[in-house]
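Visitor: Model the structure of this input:
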Amino acid sequence: MTSTPATAGRGPADLEGVLTVLLLGAMAAITVVEIAARFIFHAPLAHVSELVPNLFVWLTFIGASAAERSGTHFGIDLVSKNRPLWARASAAARLVGTGFFFMVVAAYGARMCLLSYTKGETTALGIPAWCFALAVPVGAVLFVRRLIGPVLRRDH
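Guide: Sure, this is the predicted structure:
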């Protein structure tokens, strides 16, 4: 079996897939329970509603990493598709630009995580705020790892 972007590095890729399924399932379950509690039992669970947007942040960053791994992440390839001679230059520019952007996101996300560590807990549920803020630097680093992984494998 040949290694394609979709099958390369199965271990972490499977973990990303499992995490996205679990996060999406948890978000759907929380929403269904919240709606059922509100409209069927007339006992809203308003305090639980802060979980879904925070889980969505984790889902977004883990999903971006998985999409980069499989080659389905949003990218601007107009130049490389219309001008094959520019394909390598545009791929290099994309790699450098995207890598730089996500490293900046990781740095600011780490700063945000440290600030939220000192700030305490979420408003309604009392969950440590850094648990949700950690999604930004972790997701950005995962994305950069997926971005430069193929480049590192080609050199060796």
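
Visitor: Considering helices and strands only, name the one in the protein with the lowest mean pLDDT.
Guide: helix 78-82 (a mean of 57; mean pLDDT, DSSP states H and E).

Visitor: what's whichever helix or strand comes after that one packed up against?
Guide: Counting by DSSP states H and E, the next helix or strand C-terminal to helix 78-82 is helix 87-119. Where contact means 3 or more Cβ pairs under 8 Å, 6 or more residues apart in numbering; DSSP states H and E, helix 87-119 is packed against helix 78-82, helix 130-133, helix 135-155. The way it works is simple: take the backbone N, C-alpha and C, and place the C-beta from them, glycine included.

Visitor: Dump those helices into JSON lines; add mean neighbour count as well.
Guide: JSON lines is the format used below for those (neighbours: other Cβ atoms under 10 Å):
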{"stretch": "helix 78-82", "mean neighbour count": "12"}
{"stretch": "helix 130-133", "mean neighbour count": "18"}
{"stretch": "helix 135-155", "mean neighbour count": "17"}
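
Visitor: Kindly reformat the ones you listed as a markdown table containing distance to A124.
Guide: Converted to a markdown table, the helices and strands packed on helix 87-119 look like this (distance: least, Cβ to Cβ, whole Å):
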| stretch | distance to A124 |
| --- | --- |
| helix 78-82 | 45 |
| helix 130-133 | 13 |
| helix 135-155 | 18 |
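
Visitor: Lowest average pLDDT across the ones you listed?
Guide: Of all the helices and strands packed on helix 87-119, the minimum mean pLDDT falls on helix 78-82 (a mean of 57).

Visitor: so where's the chain shaky on pLDDT?
Guide: Applying pLDDT under 70 to the chain flags residues 1-13, 73-85, 154-156.

Visitor: which of the residues in stretch 25-41 are buried?
Guide: Neighbour counts using 16 or more other Cβ atoms under 10 Å place M27, I30, E34 of stretch 25-41 among the buried residues.

Visitor: Extract the CA atoms of it and return them as PDB.
Guide: The C-alpha coordinates for stretch 25-41 follow below in PDB (Å, rounded to 0.1, in the frame of the first residue of the first chain):
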ATOM      1  CA  GLY A  25     -21.000  14.300  19.300                       C
ATOM      2  CA  ALA A  26     -20.700  16.000  22.700                       C
ATOM      3  CA  MET A  27     -21.800  19.300  21.200                       C
ATOM      4  CA  ALA A  28     -24.800  17.700  19.600                       C
ATOM      5  CA  ALA A  29     -25.700  15.800  22.700                       C
ATOM      6  CA  ILE A  30     -25.400  18.900  24.900                       C
ATOM      7  CA  THR A  31     -27.600  20.900  22.500                       C
ATOM      8  CA  VAL A  32     -30.300  18.200  22.300                       C
ATOM      9  CA  VAL A  33     -30.300  17.800  26.100                       C
ATOM     10  CA  GLU A  34     -30.600  21.500  26.500                       C
ATOM     11  CA  ILE A  35     -33.400  21.800  24.100                       C
ATOM     12  CA  ALA A  36     -35.300  18.800  25.600                       C
ATOM     13  CA  ALA A  37     -34.900  20.200  29.100                       C
ATOM     14  CA  ARG A  38     -36.200  23.600  28.000                       C
ATOM     15  CA  PHE A  39     -39.100  22.600  25.800                       C
ATOM     16  CA  ILE A  40     -40.200  19.200  27.200                       C
ATOM     17  CA  PHE A  41     -39.400  19.400  30.900                       C
END
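
Visitor: That concludes my questions; thank you for your assistance.
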